[in-house]
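>>> Fold the following.
(2 chains)
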Amino acid sequence: NAGVTQTPKFQVLKTGQSMTLQCAQDMNHEYMSWYRQDPGMGLRLIHYSVGAGITDQGEVPNGYNVSRSTTEDFPLRLLSAAPSQTSVYFCASSYSAGEKLFFGSGTQLSVL
Amino acid sequence: QQQVKQSPQSLIVQKGGISIINCAYENTAFDYFPWYQQFPGKGPALLIAIRPDVSEKKEGRFTISFNKSAKQFSLHIMDSQPGDSATYFCAARRNKLIFGAGTRLAVHP
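Now for the predicted structure:
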């Protein structure tokens, strides 16, 4: 039982490049979400999903896309990376919306 | 504009002391209020949570106090230990979980 798995752990991008952060969970959780963590800003919700085929925006969705084709996977796409997207990204999942979130180990992203 | 306001930003406590972290919210539709603990290099993990129909919840050395009329809730860590040194986040839920800005706690021996 791996829990929530995020890849990659580290990534450096150039401004304008695109990439996908992967997130997979093996706990059969319906609810999945993406957060970014910045110093002094806490954890800010980017996008979330309450089940396969259903996604919605969080607090800071601009510049990011998500899709949820399966229960297990919830990838986060950066369309055209900007330095302001330099952050640590966490994927999290739970049985019901927002209750006892299980977090992945994070992806540290730098955009130059 | 942060929906959940957390204070203080950082806190230093001596071993054996009481650590207190406060949070305030505006949205009365929030229905679940958890606290998460995060160690460096790790993802946050659920520490303790409360629902608005309860005024206090205690689990070991950790207690949440909830004041519905004031729209505030706080985390108390009794007999604080160096191993409690971490960043603590309060959060509130209405369909999705919104976090506060975090408090970095250092417990000195």
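>>> what ranges do the helices span in chain B?
In chain B, no helices are defined using DSSP state H.
>>> Which elements pack onto the helix or strand bottoming out on mean pLDDT in it?
In chain B, no helix or strand scores lower on mean pLDDT, DSSP states H and E than strand B:96-99, which sits at a mean of 91. Secondary-structure packing of strand B:96-99 (3 or more Cβ pairs under 8 Å, 6 or more residues apart in numbering or on different chains; DSSP states H and E): strand A:31-38, strand A:42-51, strand B:86-94. Just so you know, the C-beta spots here come from the backbone N, C-alpha and C atoms, and that holds for glycine as well.
>>> and the helix or strand following the longest one, which residues are buried?
Using DSSP states H and E, the helix or strand that directly follows strand A:42-51 along the chain is strand A:54-57. Counting neighbours by 16 or more other Cβ atoms under 10 Å in any protein chain shown, one finds that the buried residues in strand A:54-57 are A:Thr55.
>>> Residues touching strand A:54-57, excluding its own?
A:His47, A:Tyr48, A:Ser49, A:Val50, A:Val66, A:Ser67, A:Arg68, B:Lys96 (Cβ atoms under 8 Å, 6 or more residues apart in numbering or on different chains).
>>> Note down every partner strand of that strand and its orientation.
Looking at strand A:54-57 with DSSP bridges, its partner strands are strand A:42-51 (antiparallel).
>>> Grab the CA positions of the strand it pairs with and hand them over as PDB.
Provided in PDB are the C-alpha atoms of strand A:42-51 (Å, rounded to 0.1, in the frame of the first residue of the first chain):
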ATOM      1  CA  GLY A  42       0.600  28.200   3.700                       C
ATOM      2  CA  LEU A  43      -1.000  25.600   1.500                       C
ATOM      3  CA  ARG A  44      -3.100  27.000  -1.300                       C
ATOM      4  CA  LEU A  45      -5.600  24.900  -3.100                       C
ATOM      5  CA  ILE A  46      -5.100  24.800  -6.900                       C
ATOM      6  CA  HIS A  47      -7.700  22.300  -8.100                       C
ATOM      7  CA  TYR A  48      -9.600  19.400  -6.700                       C
ATOM      8  CA  SER A  49     -11.800  16.500  -7.800                       C
ATOM      9  CA  VAL A  50     -14.600  14.700  -6.000                       C
ATOM     10  CA  GLY A  51     -14.500  11.700  -8.400                       C
END
